[in-house]
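J.: here is a sequence together with a model predicted from it:
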Amino acid sequence: MSSFDVVIIGDGLAAASVALSVAPTLRVAIVAPRGAATSSDWAKGGIAAPVDGPDIGDHLADTIDAGAHLVDERAAKSILADGPSAIRWLGDQGVAFAPDYGLEAGHRRARIRHAAGDATGAAVMAALRPRLGSITRLDGTLVELITLDGRVVGAWVRTADGRLDAIAARRVVLATGGAGALFDAFTCPPTNLGTGIAAAAWAGARVVDLEFVQFHPTAIGGPRAPFALATEALRGAGALLVDADGTSLVDDLPARELTTRDQLALHLSVHATPAFLDARPIGPSLVDRFPSFVAAARTLGLDPLRELVPVRPAAHYTMGGIATDELGATSLPGLFAVGECAVTGLHGANRLASNSLLEAVVMGRRVGEAITEGDLPRPTPLPTALPRPVRRPALPLARLRALAALALGPLRDGDTLAAAYRTIKTAGLTGESSGDPSEAGATWLVGAMLAGAAARRGSVGAHARRDAIDEDPHYQLAVDADHRVTRELRP
């Protein structure tokens, strides 16, 4: 049994930002599977940040519009206002940003900062990871949080060699990413199964907005998931979304190529017409400006300078997760959450392109500073007879992905949601379990997403229903560990 001042579970940009912002006098450990990719590594877009003071208001307006006006305006304004300082901080860490700004869907002006063309995430992580050399790294995955007297005091971790270890901590930070890999078509690493969100809910933390899942409209077609991503910056630079004959698929949408992700993914799903990205209008600069896209197309045997590239909607980002305050603290003492697993209020019902990396840096730095400046509790020795993690219902991942694809795609309906939830409920009643902790978390989370989607009967943002009723969408749904849904006032 090991003990640290701060345990950060996760290894992406949010986790690195926390670790680099915590006082060096504190003993910090990062828990993550060794060598596993993160969504930050795979991020093809850039980092959205206001270009100047007046642009904070415009960036906020774009964020609110994309989020279907369910954004927490106060929280969002605060995060966006910290954008320029976040960019400067990354520059100080060695990230080399291109001097020009990119334009992406939903943004009224070019304000996206890129590094290494369309491989910004990889470039950022390549700069930050070497700076984490003094941080203890533990090769393992989260199984369950440890609580004593209503406070999070550590975590159960499954090590690479299969052992179950209890790790004590004065503060635990969840930076475990989202849950896009719960679907059959996804663009994130296969490990993004919502483990941290489920663990937080089991411990009693407030979890909200699980009905909102963003599908990226231009995942590059391939034989199997995870699919490579064609960044929206391509369309901002002149690429076109067309059918096999080269006819535009977006002429009937007001914003055309710059339509937000929720609307465009739904549009493509409803029309069910094979879609292609025509990057030829960008010209020869395509190779230097978007090297990841060119490489992905060539993997399929296509030359994007001369040919159309097949694209399709795929699960990309989870707007729902663990509710936090402006410093990343959750409803459970001792527990912080940051990055895609957290809900700060910035994204509302649909994330604006390139806002997620910004949020990861801003909130990661805030969490690190809050832990440093706060009153850390005295170290709490874990009891010798600490209860082992609970064995929970766990359906095979392939079955969960089929359920999610059927019921939780871009367009939903009440009957399908109810039938899928009955499958999850039956597993709980019969005690069906694969014994895999990650599948237990995935099973709980699919059930919670189904419960939330069923409870929100109107369509808004990334949640669209065939059988939608006309309702005021300005409320928030919280789901507890037993899948009970509570309707609350929205911040």
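T.: Nice, I can see it.
J.: list the contacts for the closest residue to Thr159 other than its chain neighbours?
T.: Nearest non-adjacent residue to Thr159, counting by CB to CB, 6 or more residues apart in numbering: Gly140, 4.5 Å away. (C-beta placed from N, C-alpha, C; glycine too.) Gly140 makes contact with 31-33, 157-160, 165, according to CB atoms under 8 Å, 6 or more residues apart in numbering.
J.: just give me the closest of the residues you listed to Gln214.
T.: Using CB to CB, Ala32 comes nearest to Gln214 of these, at 23.6 Å.
J.: each with direction, which strands does the helix or strand where the residue nearest to Thr159 lies pair with?
T.: Using DSSP states H and E, Gly140 maps to strand 136-148. Partners of strand 136-148 in the sheet, by DSSP bridges, are strand 28-32 (parallel), strand 151-159 (antiparallel).
J.: mind checking which of those strands is nearest Ala43?
T.: Distance to Ala43, taken as CB to CB, is lowest for strand 28-32 among the strands paired with strand 136-148, at 16.9 Å.
J.: mean confidence for the closest one?
T.: Averaged over strand 28-32, pLDDT sits at 98.
J.: ok, stretch 223-231 next?
T.: 91.
J.: now do the same end-to-end measure for that stretch.
T.: Terminal residues of stretch 223-231 lie 19 Å apart, using CA to CA, to the nearest Å.
J.: for it, buried residues please.
T.: Within stretch 223-231, the residues scored as buried using 16 or more other CB atoms under 10 Å are 225-231.
J.: on that earlier part again, now tabulate the strands paired with strand 136-148 in a markdown table and tack on mean neighbour count and distance to Arg490.
T.: A markdown table is the format used below for these (neighbours: other CB atoms under 10 Å; distance: least, CB to CB, whole Å):
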| stretch | mean neighbour count | distance to Arg490 |
| --- | --- | --- |
| strand 28-32 | 23 | 33 |
| strand 151-159 | 22 | 26 |
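J.: and those strands as CSV, adding distance to Leu132?
T.: Shown next, in CSV, are the strands paired with strand 136-148 (distance: least, CB to CB, whole Å):
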stretch, distance to Leu132
strand 28-32, 7
strand 151-159, 18
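J.: closest one to Gly321 among those strands?
T.: Gly321 lies closest to strand 151-159 among those, at 16.1 Å (CB to CB).
J.: quick check: mean pLDDT of the closest one?
T.: Taken as a whole, strand 151-159 carries a mean pLDDT of 97.
J.: what sits up against it?
T.: Residues contacting strand 151-159 (CB under 8 Å, 6+ apart): 7, 9, 31, 138-147, 164-170, 172, 199, 203, 332-335, 377, 380, 382, 388-389, 437.
J.: can you do 7 Å?
T.: 7, 9, 31, 138-147, 164-169, 172, 203, 332-335, 380, 382, 389, 437 (CB atoms under 7 Å, 6 or more residues apart in numbering).
J.: and for stretch 193-204?
T.: For stretch 193-204, the surrounding residues in contact (CB under 7 Å, 6+ apart) are 9, 141-142, 144-145, 147, 152, 174, 176, 178-179, 181-182, 207, 318, 321-322, 330, 332, 335, 337, 341, 438, 441-442, 444-445, 480-481.
J.: just the ones in strands from those residues, please.
T.: 9, 141-142, 144-145, 147, 152, 174, 207, 318, 321-322, 335, 337 (DSSP state E).
J.: how far off centre is stretch 12-29?
T.: Mean-position distance between stretch 12-29 and its chain equals 20 Å (CA atoms, centre = their mean, to the nearest Å).
J.: how long is that stretch end to end?
T.: The straight-line separation of the ends of stretch 12-29 (CA to CA) is 14 Å.
J.: now do the buried residues in it.
T.: 12-22, 27-29.
J.: do stretch 319-327 as well
T.: Across stretch 319-327, burial judged by 16+ other CB under 10 Å covers 319-324, 327.
J.: on that earlier part again, Asp243 is nearest to which of the strands paired with strand 136-148?
T.: strand 28-32 (41.7 Å).
J.: need the pLDDT of the residue nearest the centre of the chain.
T.: Among the residues of the chain, the one closest to the centroid is Glu340, at 3.4 Å (CA atoms, centre = their mean). Glu340 carries a pLDDT value of 99.
J.: now do the one 4 residues further on
T.: pLDDT, the model's per-residue confidence, is 99 for Thr344.
J.: do you know how far it is from His59?
T.: 15 Å (CB to CB, to the nearest Å).
J.: check Arg490 too.
T.: As defined by CB to CB, Arg490 lies at a distance of 21 Å from His59.
J.: swap in Ala314?
T.: From Ala314 to His59 the distance is 26 Å (CB to CB).
J.: likewise Trp444?
T.: Separation of Trp444 from His59 (CB to CB): 35 Å.
J.: which among the contacts of Gly140 gets closest to Ala105?
T.: Proximity of those to Ala105 (CB to CB) peaks at Ala32, which lies at 31.2 Å.
J.: hang on, Gly91 in a helix?
T.: Yes: Gly91: assigned to a helix according to DSSP: H, G, I helix; E, B strand; the rest coil.
J.: that one: how many residues sit nearby?
T.: 14 (other CB atoms under 10 Å).
J.: now do the same contact list for it.
T.: Phe97.
J.: distance check, it against Thr430.
T.: Counting by CB to CB, the gap from Gly91 to Thr430 is 55 Å.
J.: ok, Ser356 next?
T.: The gap separating Ser356 from Thr430 is 38 Å, by CB to CB.
J.: which of the two has more residues huddled nearby?
T.: Higher neighbour count among Ser356 and Thr430: Ser356, with 27 against 9, using other CB under 10 Å.
J.: show me where pLDDT drops low in this protein?
T.: Along the chain, segments meeting pLDDT under 70 span 429, 431.
J.: ok, back up a step: between Arg490 and His59, who's got more neighbours?
T.: His59 (26 against 16).
J.: what about that one, which SS state?
T.: Relying on three-state DSSP, one would call His59 helix.
J.: I'd say it and Arg111 touch.
T.: Yes: using CB atoms under 7 Å, His59 makes contact with Arg111 at a distance of 6.5 Å.
J.: show me the helices in the stretch 101-250 of the chain, by range?
T.: Along the stretch 101-250 of the chain, counting by DSSP state H, counting those that start in this stretch, helices occupy 120-128, 195-203, 233-236.
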